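1. I need the structure of the sequence given here:
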Amino acid sequence: MALIELKNLTKTYGSGDHLFQALKGINLNINDGEFVALMGPSGSGKSTTMNITACLDTPTSGSYLFKDVAVESLSNRQRTLLRRNYLGFIFQGFNLLSRTSARENVELPLIYRGDTPKSRRIAAEKALEKVGLLNWKNNHPNQLSGGQQQRVAIARAIVTEPSVLLADEPTGNLDSKNSKDIMSLLTNLNQDLGITVVMVTHETEMAEYASRIVHFLDGSIQANEVIDS
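-> Residues are numbered from 1 along each chain as shown. Modelled structure (predicted):
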């Protein structure tokens, strides 16, 4: 079943001589439980597609359906609720709060959701356990390696039990060993928990962890490549 449907999606920035068409009629379906990598050079449209999928931007024309709901027709509050309840975010730069513990960082989305302190603590510790960092729950980011910090960020992304993980260059700041560890973790979350993963990456080796690679060029999709498991 298509969880995400992008239909004839365009995105234009600027006007007149400064007009730039970032997306030129994108058509893309992402099924529930898929692991999809978006690849392409800078300016190819992959990050714009990710931002629209994350409800951080809106298309100029076309339609974005999430669970058969036209996202562009939602109010700002409804899009916020969609992000809060269905989407988890992983960033290249980790984006952890330096003065709070790993557990407190993971609790943040639950604070925004209004969960009780006890339920937040329990959920955060479960999420840290899933990424293998429960024993580091009281450590601050400066007491963790880069790979451990990204694991905390992943725990924060999955603590709300999202339908989709949106990962923007999740290994961009990591060495090769930690990159492979993080990709193995994302693969396990996808396969064991059934979380749909959509990842932007420049790295072919990382993209090959996905079940499908979507190749972008000049605002269009050039190819869909299915990866043999």
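2. Flag the shaky bits of the protein, pLDDT-wise.
-> 229 (pLDDT under 70).
3. Next up, identify which helix or strand the residue nearest to the spatial centre of it is on.
-> Nearest to the mean C-alpha position of the chain, by C-alpha atoms, centre = their mean, lies Leu166 at 1.0 Å. Here Leu166, judged by DSSP states H and E, is contained in strand 164-168.
4. Tell me which strands that strand pairs with, and in which orientation.
-> strand 87-90 (parallel), strand 196-200 (parallel) (DSSP bridges).
5. Would you mind finding the most buried of the ones you listed?
-> Most buried of these, by mean neighbour count (mean count of other C-beta atoms under 10 Å): strand 196-200, with a mean of 24. Backbone N, C-alpha and C define where each C-beta goes, glycine included.
6. which residues are contacting that one?
-> Defining contact as C-beta atoms under 8 Å, 6 or more residues apart in numbering, one finds that strand 196-200 is touched by 3-4, 30-39, 46-47, 50, 53, 163-170, 186, 189-190, 206-207, 210.
7. cool, stretch 16-24 as well?
-> 9-14, 43, 45, 48-49, 52, 59-60, 218-220.
8. What of stretch 42-52?
-> Contacts of stretch 42-52 (C-beta under 8 Å, 6+ apart): 6, 9, 11, 22-24, 26, 28, 38-40, 57-59, 64, 166, 168, 198, 200, 214, 216-220.
9. ditto for stretch 89-100
-> In contact with stretch 89-100 (C-beta under 8 Å, 6+ apart) are residues 54, 104-105, 108, 140-142, 146, 149-150, 152-154, 156-157, 165-170, 172-173.
10. Please go through the chain and pick out the longest helix.
-> Using DSSP state H, we find that the single longest helix of the chain is helix 176-193.
11. so how far is that one from its chain's centroid?
-> 14 Å (C-alpha atoms, centre = their mean, to the nearest Å).
12. what angle separates it from strand 164-168?
-> 170 degrees (axes from the mean of the first three to the mean of the last three C-alpha atoms, to 10 degrees).
13. packing partners for helix 176-193?
-> The contact analysis (3 or more C-beta pairs under 8 Å, 6 or more residues apart in numbering; DSSP states H and E) places helix 176-193 against strand 35-39, helix 146-158, strand 164-168, strand 196-200.
14. Now render these as JSON lines, adding distance to Ser179.
-> Formatted as JSON lines, the helices and strands packed on helix 176-193 follow (distance: least, C-beta to C-beta, whole Å):
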{"stretch": "strand 35-39", "distance to Ser179": "14"}
{"stretch": "helix 146-158", "distance to Ser179": "8"}
{"stretch": "strand 164-168", "distance to Ser179": "12"}
{"stretch": "strand 196-200", "distance to Ser179": "12"}
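15. closest one to Ile227 among the ones you listed?
-> Closest approach to Ile227 among the helices and strands packed on helix 176-193 (C-beta to C-beta): strand 35-39, 8.5 Å.
16. Given the closest one, what are its sheet partners and their directions?
-> Strand 35-39 has these strand partners (DSSP bridges): strand 196-200 (parallel), strand 212-217 (parallel).
17. mind listing the strands for the chain?
-> Per DSSP state E, the chain carries strands over the ranges 2-13, 20-31, 35-39, 61-66, 69-70, 87-90, 164-168, 196-200, 212-217, 220-226.
18. got the ones you listed as a markdown table, with distance to Ile182 columns?
-> Shown next, in a markdown table, are these (distance: least, C-beta to C-beta, whole Å):
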| stretch | distance to Ile182 |
| --- | --- |
| strand 2-13 | 23 |
| strand 20-31 | 21 |
| strand 35-39 | 13 |
| strand 61-66 | 26 |
| strand 69-70 | 31 |
| strand 87-90 | 9 |
| strand 164-168 | 9 |
| strand 196-200 | 11 |
| strand 212-217 | 18 |
| strand 220-226 | 22 |
